[in-house]
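**Student:** could you work out the structure for the sequence below:
(one chain, ligands or ions: 4)
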Amino acid sequence: MGASTVWSPLTRGVFTINSTKPRLKSMPLYFSLSLTTSLQQVRRAAAASMSYDKQLAAAKKAAFLAARLCQKVQKSLLQSDVQSKSDKSPVTVADYGSQALVSFILEKEFPSMPFSLVAEEDSEDLRKEETRETLVRIKELVNDTLACNGMNYISPLSEEDVLDAIDRGKSEGGPHGQHWVLDPIDGTKGFMRGDQYAIALALLDEGKVVLGVLACPNLPLTSLTSHDRHISEDKVGCLYSAQVGAGTYVQSLDGSPPTKVHVSATANPEEASIFESFEGAHSSHDLSSLIAKKMGVKAPPVRIDSQAKYGALSRGDGEIYLRFPREGYREKIWDHAAGYMVVAEAGGVVTDAAGNPLDFSSGRYLDLDTGIIVTNQKLMPALSKAVLESLKERASSL
Ligand SMILES: Nc1ncnc2c1ncn2[C@@H]1O[C@H](COP(=O)(O)O)[C@@H](OP(=O)(O)O)[C@H]1O
Ligand SMILES: [Mg+2]
Ligand SMILES: [Mg+2]
Ligand SMILES: [Mg+2]
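**Tutor:** Ligands and ions are numbered 1, 2, ... in the order given. Down below sits the predicted model:
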């Protein structure tokens, strides 16, 4: 008797259980370790065969409402709506309002379940006396959004409720149990410019992402690279949703029925296009241009903010997403969890620069090798090769 194989929709492949190891009487410690491992495998397999329909419906509802709140703020963003965090990155009343709203709704939807949320923002700055007015504005935004979207049966939140809901996002996540993962506004800089941003919400179960929702209020309903842009130039607002084993869907934020999407089937790099951050400080534009040259990609890069890049890729607007932050930068799980699920369920592949899958199970950060690369199955070998060669070249020129 040797190893046996088990189909796991969660890992999207086959994993091996080795049954040749010593038994209880001879090695009790080993047995207990081995039992733990098997229990984890059983739990993961169970998670994979579970339906997350209820969680997905709640996530879509929460992301939809947060998108409405953000749209309202973006229309008339005031200077007083923007603050600077201790790491100098910007945060707006919409980031806080979106986090409070999503946290509040998710907890209400599952009252009998333990609630764990890993989210970007916290309320520390909002608890200071000088930010009182900002807090009042956030509270009003949250309450107005609930009331204007048919949820006036919920009694209005107080300032303390808002602060508490924001701080519910302090969970450390990890490999056990279920954890929501939220970026209340991904692409805050894009949001402030009036460009692309996303509300990104995912669910982890036993360390694996099992669902992802991306609300992209400014993303056109037609392809970013479509030649018919004039036809529906003003139609924007996409809601992407994906559940493990069930595919990726997109619908309009105005409520069209969902349609299934797939990543591009292009195998020829000459016909491919590359997406990257608008902000050169978030990802090296030089490195991606070197990679493009090595692969023979002809089209100029498409630079947009936020996980809208993952959404656009999942419906085949482009073929490749490259992200190479400066050395030492640690990626956060909320910047990729929802986007990863949306692309993976649409048939795409997301890895670090060395080809390892992303590991969302080790807390608030993603520990990975150098950068993140995303493409379809056919282009991945050529992309990996170009990435490794380009990284080598860059290292030798330093
Ligand atoms: N120096 C840096 N390198 C890489 N990513 C960075 C960064 N500074 C901020 N970011 C992250 O980049 C995200 C935006 O990604 P993109 O460039 O694709 O729009 C930001 O999300 P937030 O806007 O949620 O803070 C932030 O987490
Ligand atoms: Mg931020
Ligand atoms: Mg972000
Ligand atoms: Mg953010």
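
**Student:** so which helix or strand takes in the residue positioned nearest the centre of the chain?
**Tutor:** When CA atoms, centre = their mean is applied to the chain, the residue found nearest the centroid is residue 338 (2.8 Å). Residue 338 is part of helix 337-344, with elements assigned from DSSP states H and E.

**Student:** does that helix come close to ligand 1?
**Tutor:** No - figure legend: helix 337-344 not in contact with ligand 1 (CB under 6 Å from any ligand atom); closest approach 9.2 Å. C-beta coordinates here come from the backbone N, C-alpha and C atoms, glycine included.

**Student:** for that helix, enumerate the helices and strands it packs against.
**Tutor:** Judged by 3 or more CB pairs under 8 Å, 6 or more residues apart in numbering; DSSP states H and E, helix 337-344 is in contact with strand 178-186, strand 198-205, strand 208-220, strand 236-243, strand 247-252, helix 308-314, strand 348-352.

**Student:** now with 7 Å, please.
**Tutor:** Judged by 3 or more CB pairs under 7 Å, 6 or more residues apart in numbering; DSSP states H and E, the packing partners of helix 337-344 are strand 198-205, strand 208-220, strand 236-243, helix 308-314, strand 348-352.

**Student:** can I get the CA coordinates of the shortest one in CSV?
**Tutor:** Spelled out, it's strand 348-352. The C-alpha coordinates for strand 348-352 follow below in CSV (Å, rounded to 0.1, in the frame of the first residue of the first chain):
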residue,chain,number,x,y,z
GLY,A,348,-6.2,32.3,-14.9
VAL,A,349,-3.1,31.6,-12.9
VAL,A,350,-1.7,33.8,-10.1
THR,A,351,1.8,33.2,-8.7
ASP,A,352,4.7,35.0,-7.2
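
**Student:** report all helices and strands that that strand contacts.
**Tutor:** Using 3+ CB pairs under 7 Å, 6+ apart, strand 348-352 sits against helix 337-344, strand 372-376.

**Student:** give the rounded mean pLDDT of the shortest one.
**Tutor:** It stands for strand 372-376. Averaging pLDDT along strand 372-376 gives 98.

**Student:** tell me the helix or strand right after that strand.
**Tutor:** Once strand 372-376 ends, the next helix or strand along the chain (criterion: DSSP H and E) is helix 380-397.

**Student:** ok, back up a step: turn the helices and strands packed on strand 348-352 into JSON lines, including distance to ligand 3.
**Tutor:** JSON lines is the format used below for the helices and strands packed on strand 348-352 (distance: least, CB to the ion, whole Å):
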{"stretch": "helix 337-344", "distance to ligand 3": "10"}
{"stretch": "strand 372-376", "distance to ligand 3": "13"}
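
**Student:** residue of the chain nearest ligand 3, please.
**Tutor:** residue 186 (3.6 Å; CB to the ion).

**Student:** pull the number of nearby residues for that residue.
**Tutor:** Residue 186: 29 surrounding residues under other CB atoms under 10 Å.

**Student:** what pLDDT does the model give it?
**Tutor:** Listed pLDDT for residue 186 reads 98.

**Student:** what helix or strand does residue 254 sit in?
**Tutor:** Going by DSSP H and E, residue 254 is not in any helix or strand.

**Student:** tell me the contacts of the closest residue to it other than its chain neighbours?
**Tutor:** Nearest non-adjacent residue to residue 254, counting by CB to CB, 6 or more residues apart in numbering: residue 237, 6.3 Å away. If you count contacts by CB atoms under 7 Å, 6 or more residues apart in numbering, residue 237 has them with 217, 252, 253, 254.

**Student:** out of these, which is nearest to ligand 1?
**Tutor:** Nearest to ligand 1 out of those is residue 217 (CB to the nearest ligand atom; 14.3 Å).

**Student:** surely the closest one touches residue 72?
**Tutor:** No - counting by CB atoms under 7 Å, residue 217 does not reach residue 72; the two are 10.3 Å apart.

**Student:** okay, those two: which has more neighbours?
**Tutor:** residue 217 (22 against 15).

**Student:** against residue 306, how distant is the more buried one?
**Tutor:** Counting by CB to CB, to the nearest Å, the gap from residue 217 to residue 306 is 10 Å.

**Student:** now the protein, which segments are flagged as low pLDDT?
**Tutor:** Segments of the chain classed as low confidence (criterion: pLDDT under 70) are 1-49, 226-234.

**Student:** okay, now the domains of the chain?
**Tutor:** 53-260, 269-397 (automatic domain parsing).

**Student:** figure out the length between the terminal residues of the last one.
**Tutor:** Okay, so that is domain 269-397. Domain 269-397 has an end-to-end distance of 26 Å (CA to CA, to the nearest Å).

**Student:** say whether ligand 4 is contacted by that domain.
**Tutor:** No - using CB under 5 Å from the ion, domain 269-397 stays clear of ligand 4, coming no nearer than 7.1 Å.

**Student:** how about residue 267, what does it touch?
**Tutor:** Counting by CB under 7 Å, 6+ apart, residue 267 has contacts 378, 379.

**Student:** is it in a helix, a strand, or coil?
**Tutor:** Secondary structure state of residue 267, per DSSP: H, G, I helix; E, B strand; the rest coil, is coil.
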